[in-house]
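Colleague: need the 3D shape of this:
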Amino acid sequence: MQKRNPDAATPGVRLRWLVEQHSQAAIARKAGVPPPTVYRYLKGAKIPADFCAALVRQFDVNPAWFLVGEGTPYLSDISAGNAAMAGDLLAVVEAMNAVSKMRLGTLAGKGHLRVLRELDDAMRSHEELKERVNKSTRPIFAQLVDDLQAALNAHDRDQAEILFKAAMQVSRLCEDESLQIKFLGVRTRLEYVRSNHELSIKVGRERLLRTMAAGEGLDVEVSLAASELIVAMRDYRMSAEGARFCRAMLDFDEGRPEIAAMRARLWNLLASLQLDLDDLAGAWVTSRKMLERPDDKDIELHAAVAARLMLYGGMARPLAALKIGEQSVAKSRRVMRFAGWLEDETELREVLELVAGKGKEWMSRDDREVKSMGWVAEALRGNGEAALAAFCEHEEGLALVGVNRASSDFARAVRSCQLARLAGLRKQAIEFLREADDQLARIPARYTTAIEHRGTLHRSAVLLLGDSKRDEDAARVRKARAFFVEKVAAGFACFRPMLETKTPGG
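Modeller: All right, here's what the predicted structure looks like:
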């Protein structure tokens, strides 16, 4: 019984598989080389083209399989059409082998000119072969990409993984650039689902660049690729890079009316990213520019940004912010997070009821942040110890998907500190405070954190360490107060009450 064909990465590994089928001595004898030579190839020595040709002739080995790992090991196992393609590849190998034996100074000889002509003919044949392969694989590749996209839409992860492996193989044979770009777009989604966020962004960046190279200016396809890439950057907290992409796309814009909706989305994304970067003034300017352009105006799309602008600027409370535009998950999440920062039990419970109450469909009650805010409300009611225990137990068993782990760990430590503080567990709260500080210090500069989380952390520092006599604690309180002074000066009036907050011993 023939042994299983390995998923081999190199010709040397594939040669080892052939040795297992035929013996090292048989291969050496039929290939016309000494057994020690075969041994050296098995140990990693470079395998020459004439040895490859001998394997094809003597053992019916498929040269496409031996050279690049494509197809089945033996020509007898593949169709007549594929066998012809393998034969064409062998002709190229043999011609290149003949050229490799020439001496550079003797290329003018008639025999060598004949070999060069044969190489030229073989290469022409190879180009024709590539075109035939490209033509035959194009419909297969297109169907695989469509099926992969459908599997992702249906949330069928197992089927998507199978289809992705097949599509990756076929993509190597198909040179249709439009299909390759489409495949990159689908792969960007798959890597995101896999939680390979940085790889997703890398693939998305390649998709955007290739889309721009294939198109003419900022068309619909380029705008779609750009906006999806920027959303991925925003969700993974790569706000500065996302904002740079946004500005580049808007500067690249030629004002085409057919992409007005996409342009509105880019303006909205830029304002959102500016808020993530604490650039409140910049977000106001971007929002005004967007709303002043009649073709780009999209009030509903802008509702989440508008709500944040009003909250941060101290011009609205959470319940009022929820009434700006239609309800959405993005707006609900940001308003709910802000209500948690305020630490007003009544208002926080009203917000939770509006965004995730019975009969509401905007956010699931099982959402991580909905649960977290629910425990904050419980702690504000006086059930702090139970809320903290429930929160820690929930976080310990949580499988995080679709988040930046560094920012997520920081948010968890901040919430633990807040709950312990509200429960009156001062010593435990200070331990969580130190942990949150350490987490924040370890986050790379390219990533951002929610300003509500940083505000909650610094409020906890003021309230927990304000009466400490230790120099280290006094320095930490000064740092917290400096944060609030800086943000109020930048327009974040929501933090103004912290400028008037006295320390516990003050």
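Colleague: what residue spans form the domains of this protein?
Modeller: Domains of the chain are assigned by automatic domain parsing as 11-138, 176-298, 317-364, 366-506.
Colleague: tabulate the CA atom coordinates of stretch 196-211 in CSV.
Modeller: Extracted as CSV, the C-alpha positions of stretch 196-211 are listed here (Å, rounded to 0.1, in the frame of the first residue of the first chain):
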residue,chain,number,x,y,z
ASN,A,196,-5.9,37.7,13.3
HIS,A,197,-6.5,41.5,13.3
GLU,A,198,-3.1,42.7,12.4
LEU,A,199,-3.0,40.2,9.5
SER,A,200,-6.5,41.3,8.5
ILE,A,201,-5.3,44.9,8.4
LYS,A,202,-2.2,43.9,6.4
VAL,A,203,-4.3,42.0,3.8
GLY,A,204,-6.7,44.9,3.7
ARG,A,205,-3.9,47.3,3.1
GLU,A,206,-2.7,45.2,0.2
ARG,A,207,-6.2,45.0,-1.2
LEU,A,208,-6.5,48.8,-1.1
LEU,A,209,-3.2,49.4,-2.8
ARG,A,210,-4.0,46.9,-5.6
THR,A,211,-7.5,48.3,-6.0
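Colleague: mind listing what's buried along it?
Modeller: Residues 197, 200-201, 203-208, 210-211 are the ones in stretch 196-211 that count as buried (16 or more other C-beta atoms under 10 Å). C-beta coordinates here come from the backbone N, C-alpha and C atoms, glycine included.
Colleague: from those residues, which is closest to residue 457?
Modeller: residue 197 (24.2 Å; C-beta to C-beta).
Colleague: what sits against residue 364?
Modeller: By C-beta atoms under 8 Å, 6 or more residues apart in numbering, residue 364 lies in contact with 356, 370.
Colleague: so what does it have for phi and psi?
Modeller: phi -70, psi 150 (degrees, to the nearest 10).
Colleague: and the domains of the chain: which comes nearest residue 165?
Modeller: Smallest distance to residue 165 across these (C-beta to C-beta): 11.1 Å, for domain 176-298.
Colleague: any chance of the buried residues of stretch 196-211 in JSON lines, with pLDDT, secondary structure and distance to residue 500 too?
Modeller: Output for those, formatted as JSON lines (pLDDT from 0 to 100; DSSP: H, G, I helix; E, B strand; the rest coil; distance: C-beta to C-beta, whole Å):
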{"residue": "197", "pLDDT": "80", "secondary structure": "helix", "distance to residue 500": "40"}
{"residue": "200", "pLDDT": "87", "secondary structure": "helix", "distance to residue 500": "45"}
{"residue": "201", "pLDDT": "87", "secondary structure": "helix", "distance to residue 500": "42"}
{"residue": "203", "pLDDT": "90", "secondary structure": "helix", "distance to residue 500": "49"}
{"residue": "204", "pLDDT": "86", "secondary structure": "helix", "distance to residue 500": "46"}
{"residue": "205", "pLDDT": "85", "secondary structure": "helix", "distance to residue 500": "46"}
{"residue": "206", "pLDDT": "87", "secondary structure": "helix", "distance to residue 500": "51"}
{"residue": "207", "pLDDT": "86", "secondary structure": "helix", "distance to residue 500": "50"}
{"residue": "208", "pLDDT": "81", "secondary structure": "helix", "distance to residue 500": "47"}
{"residue": "210", "pLDDT": "83", "secondary structure": "helix", "distance to residue 500": "55"}
{"residue": "211", "pLDDT": "79", "secondary structure": "helix", "distance to residue 500": "52"}
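Colleague: ok, and the closest non-adjacent residue to residue 170?
Modeller: In space, and not counting its chain neighbours, residue 170 is closest to residue 141: 4.7 Å by C-beta to C-beta, 6 or more residues apart in numbering.
Colleague: tell me, how many residues neighbour that neighbour?
Modeller: 24 (other C-beta atoms under 10 Å).
Colleague: okay but it is in contact with residue 178, surely?
Modeller: No: using C-beta atoms under 8 Å, residue 141 is not in contact with residue 178; the gap is 10.8 Å.
Colleague: in the stretch 101-250 of the chain, which spans are helices?
Modeller: Counting by DSSP state H, counting those that start in this stretch, the stretch 101-250 of the chain has helices at residues 110-153, 157-171, 177-193, 197-214, 220-235, 239-252.
Colleague: what's in contact with the fourth one?
Modeller: Right, the one you point to is helix 197-214. Outside helix 197-214, the residues that touch it by C-beta under 8 Å, 6+ apart are 177-178, 180-181, 184-185, 187-189, 191-192, 194, 221-222, 225-226, 228-229, 232-233, 235-236, 238, 402, 404.
Colleague: the shortest one too?
Modeller: Counting contacts by C-beta under 8 Å, 6+ apart, the residues outside helix 239-252 that touch it are 217-218, 222-223, 226, 229-230, 233-234, 263, 266-267, 269-270, 273-274, 276-277, 446, 448.
Colleague: one step back: who are the contact partners of the residue nearest to residue 170?
Modeller: Residue 141 touches 167, 170-171, 173-174, 176, 179, 183, counting by C-beta under 8 Å, 6+ apart.
Colleague: likewise for residue 237?
Modeller: With C-beta under 8 Å, 6+ apart, residue 237 has these contacts: 276, 404, 407, 447-449.
Colleague: quick one on the thing from earlier: need the helices of the stretch 101-250 of the chain in a markdown table (columns: distance to residue 438).
Modeller: As requested, those are exported to a markdown table (distance: least, C-beta to C-beta, whole Å):
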| stretch | distance to residue 438 |
| --- | --- |
| helix 110-153 | 37 |
| helix 157-171 | 35 |
| helix 177-193 | 29 |
| helix 197-214 | 23 |
| helix 220-235 | 24 |
| helix 239-252 | 22 |
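Colleague: all set now, cheers.
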